[in-house]
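Asker: sequence and predicted structure below; questions after.
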Amino acid sequence: MVCVFSPKPLCGTVRVPGDKSISHRTLILAALAEGRSVIRGLGNGADVGSTMAAVRSLGTTVTITETWPRPVAVIDSPGRAGLSEPGDTIDAGNSGTTARLVAGVAAGLPFATVITGDASLRRRPMGRVTEPLAAMGARISGRCRGQSLPLTIDGGRLRGIDWTLPVASAQVKSALILAALGAAGTSRLTEPRPTRDHTERLLPVFGGELGLSAATVVVPGGQTLRPAEVNVPGDPSSAAFFLTAAAATPGAEVLAEGIALNPGRVAFLEVLSEMGAEVEVRAVGDGYEPYGDVRVRPGRHGLRGVAITAERVPSIIDELPVLAVAACLARGRTVITGAGELRHKESDRLEGTAALLRLIGAEVEVAGDGLLIEGGMTAGPDGQGLPAGGRVAGDAAGAPLAAAYDCRGDHRLAMAAAVAACVTGRRLGIAGAGCVAISYPGFWRDLGSLGAESVEWPAQPADE
Ligand code: S3P
């Protein structure tokens, strides 16, 4: 168990690792392109490692040539036509993006690919990708009639498809775009609500083509990609933990440098600003993805509750747990609706978030596919709030825990719990906290650089 405690409001500058969603996609597109691609700033979490291992098992070579300050990956690929049958099962670990995007690629390859994952991933729904891939011509079998991992995908010549996604999911959309690239004929993929468009933005960088018309992505089949050099900006979903903590604590101020500013990813900044936080965005560059620096401070009047409805959910899906933590400290009620997809993430994040909020003393109700959160909690162990600029007495190792949270092996719940500790000034134990490495291995170090403490608890005895 890790005990987290922040004796003062978080302050400082962070540079988070490369964006996880963009990293998965660059590795996969590089594997489909014949020749050498170079990715700078690749994400360093275990999920990205799963995609790296998957593209290696399909016959590419991936070499990490530099690790500091930003990892650089060189991918040598024989191209889609030269990929070969994996000698073993592809293990996507905890990564839904790996499982679903690799399924999309495998559907178009003329051999059998077997994909599995850890216990959490084996519980997550795969029918949303296997059904349309089967309709395109792939033969797919697996648990629960092909709806759950492990899956065997016997791919080959696919036909284009006209498909309306029943759920707003960028993973499903991307899996189908990847399959459609090699299919015979044009595919039309329509989403019920806009989701992150990293695949659409990256495809032209690798020489691919697609059309966009309203909610439909039009993908011509029979495409050949060419290798590319890509810079991956920082991951806004990782920065969101520190930025949200800053929004909720008087006296805090955090600057996140060089993060992706894709509108499908930074809607949480609009939410923080609507809640009353001061959010400053400075765009630095705009290649295939906009990126820049973001500074957040609490507003002069603190936070107020907010209503979040279904239309907005896909663009803040990974930030909802930490936004819910901030909502506990806001004036008034926060109402989140249309967030049923949270139940299908690495854990049931509706229940997991509600459990965290209850643990820190907030009033919360899971209402159907959403949450009702009564704000008004005061921060600080004595209910007086974290002193702006001052310190709360004690340290992470020194005193009994206020409470312990089981993060259910879910990286985003573990980091949301760390934020809950920081903004309330409580000593919170987080069981299973090592899972932050799924997206952000350096999380505890970076949280420490902003002023919070995290220690193994109970403290490990020193070696004799
Ligand atoms: C992702 C899309 C989202 C998100 C996940 C990463 C992606 O999932 O929750 O962390 O990279 O496409 P869904 O598209 O299934 O909602």
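Answerer: Arrived safely, thanks for sending. Numbers count the residues shown, from 1 in each chain.
Asker: the ligand contacts on the stretch 51-200 of the chain?
Answerer: Within the stretch 51-200 of the chain, the positions adjacent to the ligand are Thr97, Ser169, Ala170, Gln171, Ser174, Thr195, Arg196 by Cβ under 6 Å from any ligand atom. All C-beta atoms are positioned from the backbone trio N, CA, C, and that covers glycine.
Asker: mark which of these are buried, thanks.
Answerer: The neighbour-count test (16 or more other Cβ atoms under 10 Å) applied to those identifies Thr97, Ser169, Ala170, Gln171, Ser174, Thr195, Arg196 as buried.
Asker: name the nearest residue to the third one, sequence neighbours excluded.
Answerer: Going back to what we said before, that points to Ala170. Thr195 (3.9 Å; Cβ to Cβ, 6 or more residues apart in numbering).
Asker: relative to Lys20, how far out is that neighbour?
Answerer: Going from Thr195 to Lys20 by Cβ to Cβ, to the nearest Å gives 15 Å.
Asker: quick one, helices of the stretch 151-300 of the chain?
Answerer: Assigned by DSSP state H, counting those that start in this stretch, the stretch 151-300 of the chain shows helices spanning 170-181, 198-202, 236-248, 267-274.
Asker: what comes into contact with the last one?
Answerer: Counting contacts by Cβ atoms under 8 Å, 6 or more residues apart in numbering, the residues outside helix 267-274 that touch it are 236, 240, 243-244, 247, 279, 281, 294, 296, 306, 308, 312, 315-316, 319, 323, 326.
Asker: how about that helix, does it reach the ligand?
Answerer: No: judged by Cβ under 6 Å from any ligand atom, helix 267-274 stays clear of the ligand, getting no closer than 12.7 Å.
Asker: pLDDT of that helix, averaged?
Answerer: Throughout helix 267-274, pLDDT has a mean value of 98.
Asker: show me which residues of it are buried.
Answerer: Ala267, Phe268, Leu269, Val271, Leu272, Ser273.
Asker: report the angle between it and helix 236-248.
Answerer: If you take axes from the mean of the first three to the mean of the last three Cα atoms, to 10 degrees, helix 267-274 sits at 10 degrees to helix 236-248.
Asker: with only the CA atoms kept, save helix 267-274 in PDB.
Answerer: Extracted in PDB, the C-alpha atoms of helix 267-274 (Å, rounded to 0.1, in the frame of the first residue of the first chain):
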ATOM      1  CA  ALA A 267     -12.700  19.100 -22.600                       C
ATOM      2  CA  PHE A 268     -11.800  18.500 -18.900                       C
ATOM      3  CA  LEU A 269     -10.100  22.000 -19.000                       C
ATOM      4  CA  GLU A 270     -13.500  23.500 -20.100                       C
ATOM      5  CA  VAL A 271     -15.200  21.700 -17.300                       C
ATOM      6  CA  LEU A 272     -12.600  23.000 -14.700                       C
ATOM      7  CA  SER A 273     -13.000  26.500 -16.100                       C
ATOM      8  CA  GLU A 274     -16.900  26.200 -15.900                       C
END
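Asker: pretty sure Ile115 sits against Gly104.
Answerer: No: using Cβ atoms under 8 Å, Ile115 makes no contact with Gly104, being 10.9 Å away.
Asker: and the two? Which one has more around it.
Answerer: Gly104 (29 against 24; other Cβ atoms under 10 Å).
Asker: who's in contact with that one?
Answerer: Val129, Leu133, Ser174, Ala175, Leu176, Ile177, Leu178, Ala179 are the contacts of Gly104 under Cβ under 8 Å, 6+ apart.
Asker: I'm done for today, thanks for sticking with me.
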